[in-house]
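Asks: got a sequence here, can you build the structure:
(chains A and B)
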Amino acid sequence: GIQVEQSPPDLILQEGANSTLRCNFSDSVNNLQWFHQNPWGQLINLFYIPSGTKQNGRLSATTVATERYSLLYISSSQTTDSGVYFCAAPGYNQGGKLIFGQGTELSVKP
Amino acid sequence: NAGVTQTPKFRVLKTGQSMTLLCAQDMNHEYMYWYRQDPGMGLRLIHYSVGEGTTAKGEVPDGYNVSRLKKQNFLLGLESAAPSQTSVYFCASVRFPMNTEAFFGQGTRLTVV
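Replies: As a prediction, this is how the structure comes out:
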């Protein structure tokens, strides 16, 4: 089945710094999502981005489907950006369940 | 538009007790899922449903039952809770999994003592 890998596994930033998180997937996908799991455990939808580039405030994402990777950019990071960032794509069985990467744990220091 | 709502948010059970977790979505989605998240294990699929009246097993179905009597609701039942079922449970829904966006509920933190 499809495999999703993320890098780096963890990241420590000073407030105001920029960062890039990467997601590689092993097969072509029609659906790629980025989530933020905040320190309270909630999974927040960031982007639904099967291809192309999208921006939402300080966050943007780019998916290059032909090369099987997606990037999440965080600019001018804030302490509230801390948490775990997941990318996920649907598998081909079990009802198209989402296959998650192992996540990038981000800690933004004041 | 509330999205996906899980009830309850927190619960403590004694070993052997039963309970039902409710997931409700108001987006008219066909597919619904129950996952559990444990440290170091990621999200694992318990059961899923591809439409009203259907259910199917996921990766870790033992000890759980589900029902989808109405399209908007997906219930997860624990008949006899065990400490190994201590976890955070997430419900998700999607219109069509291969090419539309999935949405998650806020999670239910369950502790079995």
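Asks: can you give me the pLDDT of the closest residue to B:Asp26 other than its chain neighbours?
Replies: Using C-beta to C-beta, 6 or more residues apart in numbering or on different chains and skipping residues adjacent in sequence, the residue nearest B:Asp26 is B:Ala2, 5.5 Å away. To be clear about C-beta, it is placed using only N, CA and C from the backbone, and glycine gets the same treatment. What the model reports as pLDDT for B:Ala2 is 76.
Asks: separation between B:Ala2 and chain A?
Replies: Distance, B:Ala2 to chain A, using C-beta to the nearest C-beta, to the nearest Å: 14 Å.
Asks: centre of chain B to the edge, which residue is at the far end?
Replies: No residue in chain B has its C-alpha farther from the mean C-alpha position than B:Asn99, which lies at 21.6 Å (C-alpha atoms, centre = their mean).
Asks: looks like that one contacts A:Asn30 (just checking).
Replies: Yes - if you go by C-beta atoms under 8 Å, B:Asn99 and A:Asn30 touch, sitting 4.5 Å apart.
Asks: the residue nearest to B:Asp26: how many residues sit nearby?
Replies: 9 (other C-beta atoms under 10 Å in any protein chain shown).
Asks: try A:Glu67
Replies: Number of residues near A:Glu67 (other C-beta under 10 Å) recorded here: 8.
Asks: cool, and the one 3 residues further on?
Replies: When counting by other C-beta under 10 Å, one arrives at 28 neighbours for A:Ser70.
Asks: secondary structure element for it?
Replies: strand A:69-74 (DSSP states H and E).
Asks: so what does that strand touch, helix or strand wise?
Replies: Packing contacts for strand A:69-74, counted by 3 or more C-beta pairs under 8 Å, 6 or more residues apart in numbering or on different chains; DSSP states H and E, involve strand A:19-25, strand A:59-64, strand A:83-90.
Asks: overlap in contacts of B:Asn99 and A:Asn30?
Replies: A:Pro50 (C-beta atoms under 8 Å, 6 or more residues apart in numbering or on different chains).
Asks: hmm, back to that, turn the helices and strands packed on strand A:69-74 into JSON lines, including mean pLDDT, distance to A:Leu71 and mean neighbour count.
Replies: Output for the helices and strands packed on strand A:69-74, formatted as JSON lines (pLDDT from 0 to 100; distance: least, C-beta to C-beta, whole Å; neighbours: other C-beta atoms under 10 Å in any protein chain shown):
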{"stretch": "strand A:19-25", "mean pLDDT": "97", "distance to A:Leu71": "6", "mean neighbour count": "19"}
{"stretch": "strand A:59-64", "mean pLDDT": "98", "distance to A:Leu71": "5", "mean neighbour count": "19"}
{"stretch": "strand A:83-90", "mean pLDDT": "95", "distance to A:Leu71": "10", "mean neighbour count": "25"}
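Asks: so which of these gets nearest chain B?
Replies: strand A:83-90 (4.5 Å; C-beta to the nearest C-beta).
Asks: neighbouring strands - and their directions - for the closest one?
Replies: strand A:33-37 (antiparallel), strand A:98-100 (antiparallel), strand A:104-109 (antiparallel) (DSSP bridges).
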